[in-house]
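> Make a model of this:
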Amino acid sequence: MPTRSLTDIVSCLSDYDPDALPVAQAQQIIHAFLKPLHAVEKIAIRSALNRVLAADIISPINVPGHDNSAMDGYALRSADLSENVPVTLKVIGTSMAGSGISDTVSSGECVRIMTGAVMPIGCDAVIPQEFVTDASESSITIPDGVVRAGDNRRLKGEDLASGQAALHKGRVLRPADLGLIASLGIAEVPMQRRLRVAFFSTGDELRSVGETLEAGCVYDSNRYTLYGMLTRLGCELIDMGVVRDEPTLLEAAFRSACENADVIITSGGVSVGAADYTKQIMAELGDMTFWKIGMRPGRPMAFGRINSNNKSAFLFGLPGNPVAVMVTFYFFVREALLYLMGAEAHPLPLVPVKSQSDIRKKAGRTEYQRGILSRNAAGELQVRITGAQGSGVLRSMSEADCMLVLGHEQGSVKAGDLVEVMLFDGLV
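Below is the predicted model:
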């Protein structure tokens with residue numbers, strides 16, 4: 001199926017305005033234009049952490065493989081229990097994990113059993129050892145009402161039945177998933193190829209760390225925050241450094257990135273400026289759109305796909321201000337990259353929290369303010385902003401542990417009002 005052009009996609013939107021685009025509409029256009037990549041490789045489970053599963057993992061065995069005990073205690077036949085009367089049972093042996101007992105348990109008998117050991121034939125319950133009385137090597141007494149049929153017994157295939165899907169395609173594997181796969185005896189798993197992302201910063205005023213900082217110049221921080229965010233997503237990175245505002249250099253950088261990566265991310269050069277050739281080169285090389293999004297920070301943004309020598313790559317042109325780079329990445333780029341790599345992509349969860357102070361805001365744009373969480377005297381979560389919220393104040397992102405998301409239609413906030421907050425833990 002041929003990919004739809006951006007013109008086709010936006011032509012279906014009756015209220016589309018690239019100079020005043022709501023956040024939700026920009027996200028909708030991006031998702032409609034993207035097409036997930038399908039490249040699979042088989043890798044050892046030790047290398048699969050944070051990678052995207054390319055096919056369902058089907059259990060080849062039952063887990064557990066046999067009915068077994070969930071407790072250290074005594075395996076017994078529930079039919080031997082009597083109401084209102086203690087019962088004394090004969091101990092005929094011991095079942096250890098990894099070496100069960102082959103004897104069939106008859107009426108009036110029980111077996112000493114350890115956690116994980118196979119249930120003896122005829123037994124259907126386990127009484128924890130601390131619940132028995134008058135215990136000896138040869139017999140135990142069970143008080144009335146402390147155990148019933150099925151208690152403390154794990155059934156064969158209870159966790160996973162043979163032929164059942166243990167994990168589903170699109171899952172980003174976590175530590176517990178690696179253990180689950182190993183428990184099935186599977187050594188290698190089919191994973192999506194890592195997404196190749198090329199990124200660079202544009203601007204004559206930028207210097208890389210280690211270079212001399214002349215008057216009027218600044219160190220490039222955006223590549224380092226992008227490096228961190230992309231690394232957390234498990235992408236394969238191509239850091240192309242700083243590219244000066246010269247058409248020949250910019251075109252060469254875009255072509256090289258396009259020919260070697262699946263996605264290109266740039267910072268700077270997408271706002272209005274006499275020396276900003278970036279947008280011009282983007283437009284010449286592919287199907288691009290340029291937006292002024294109704295958000296703060298991060299208003300200017302470019303999105304599309306460029307081509308070079310029969311290769312193509314999706315392109316995100318982010319603003320140059322450090323905070324704006326991070327905000328646009330988290331609310332536009334992150335979910336898009338997950339979708340491209342075949343992962344289950346969901347919007348970042350938002351948590352309602354009480355604001356500690358008034359916050360001024362006009363309806364008609366989405367605002368992202370950096371915040372710090374705490375608990376009030378009643379133990380309720382509350383949030384305060386970090387202070388100055390300028391898009392160049394990167395310290396505000398470093399100090400914050402969350403971000404307030406003030407929606408497009410939302411107006412000013414009063415102290416005590418609930419606001420939606422995106423937690424940074426595990427994200428930034």
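
> CA only for contacts and neighbour counts going forward, please
Fine.

> quick one: the strands in the stretch 1-150 of the chain?
With DSSP state E, counting those that start in this stretch as the criterion, the stretch 1-150 of the chain has strands at 40-44, 57-58, 68-69, 73-76, 87-95, 109-113, 125-128, 139-142.

> could I get those strands as JSON lines with mean neighbour count?
Conversion of the strands of the stretch 1-150 of the chain to JSON lines gives the following (neighbours: other Cα atoms under 10 Å):
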{"stretch": "strand 40-44", "mean neighbour count": "14"}
{"stretch": "strand 57-58", "mean neighbour count": "18"}
{"stretch": "strand 68-69", "mean neighbour count": "28"}
{"stretch": "strand 73-76", "mean neighbour count": "28"}
{"stretch": "strand 87-95", "mean neighbour count": "19"}
{"stretch": "strand 109-113", "mean neighbour count": "26"}
{"stretch": "strand 125-128", "mean neighbour count": "25"}
{"stretch": "strand 139-142", "mean neighbour count": "19"}
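
> Turn the ones you listed into JSON lines, including mean pLDDT and distance to residue 177.
Shown next, in JSON lines, are the strands of the stretch 1-150 of the chain (pLDDT from 0 to 100; distance: least, Cα to Cα, whole Å):
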{"stretch": "strand 40-44", "mean pLDDT": "96", "distance to residue 177": "13"}
{"stretch": "strand 57-58", "mean pLDDT": "98", "distance to residue 177": "10"}
{"stretch": "strand 68-69", "mean pLDDT": "96", "distance to residue 177": "23"}
{"stretch": "strand 73-76", "mean pLDDT": "97", "distance to residue 177": "30"}
{"stretch": "strand 87-95", "mean pLDDT": "96", "distance to residue 177": "30"}
{"stretch": "strand 109-113", "mean pLDDT": "97", "distance to residue 177": "29"}
{"stretch": "strand 125-128", "mean pLDDT": "97", "distance to residue 177": "30"}
{"stretch": "strand 139-142", "mean pLDDT": "96", "distance to residue 177": "40"}
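
> and residue 260, which of those strands is closest to it?
Minimum separation from residue 260 across these (Cα to Cα) falls at strand 40-44, 18.0 Å.

> Remind me what that closest one packs against, helices and strands.
For strand 40-44, the helices and strands in contact under the criterion 3 or more Cα pairs under 8 Å, 6 or more residues apart in numbering; DSSP states H and E are strand 188-192.

> which residues of the stretch 301-428 of the chain score low on pLDDT?
With pLDDT under 70 as the threshold, the stretch 301-428 of the chain has low-confidence stretches at 392, 426-428.

> For it, which segments are assigned as helices?
For the stretch 301-428 of the chain, the helices defined by DSSP state H, counting those that start in this stretch occupy 322-328, 334-340, 395-399.

> what do you get for the stretch 51-200 of the chain?
175-183.

> Point out the most buried one among the helices of the stretch 301-428 of the chain.
helix 322-328 (a mean of 25; mean count of other Cα atoms under 10 Å).

> what sits up against it?
Around helix 322-328, the neighbours that count as contacts under Cα atoms under 8 Å, 6 or more residues apart in numbering are 221-222, 225-226, 267, 296-298, 318-319, 368, 390-394, 397.

> Closest to the centroid, which residue in the chain?
Closest to where the C-alpha atoms of the chain average out (Cα atoms, centre = their mean) is residue 172, at 6.9 Å.

> what residues are up against that one?
49-53, 343-344.

> Make a ChimeraX selection of the buried ones in those residues.
A single ChimeraX command selects the buried members of these (16 or more other Cα atoms under 10 Å):
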select :49,51,52,53,343,344
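
> Considering the contacts of residue 172, which member attains the minimum pLDDT?
Minimum pLDDT across the contacts of residue 172 is recorded for residue 344, with 84.

> domains in the chain, as residue ranges please.
6-37+194-340, 40-63+159-192, 68-154, 351-423 (automatic domain parsing).

> Show me how far the last one is from its chain's centre.
This means domain 351-423. Domain 351-423 sits 23 Å away from the centroid of its parent chain (Cα atoms, centre = their mean, to the nearest Å).

> Likewise for the shortest one?
On the basis of Cα atoms, centre = their mean, the separation between the geometric centre of domain 40-63+159-192 and that of its chain is 17 Å.

> Leaving out the residues flanking it, which one is nearest to the residue of the chain positioned farthest from its centre?
Among the C-alpha atoms of the chain, the one farthest from their average position, using Cα atoms, centre = their mean, is that of residue 85, at 55.0 Å. Spatial nearest neighbour of residue 85, chain neighbours left out: residue 144 (5.6 Å); criterion: Cα to Cα, 6 or more residues apart in numbering.
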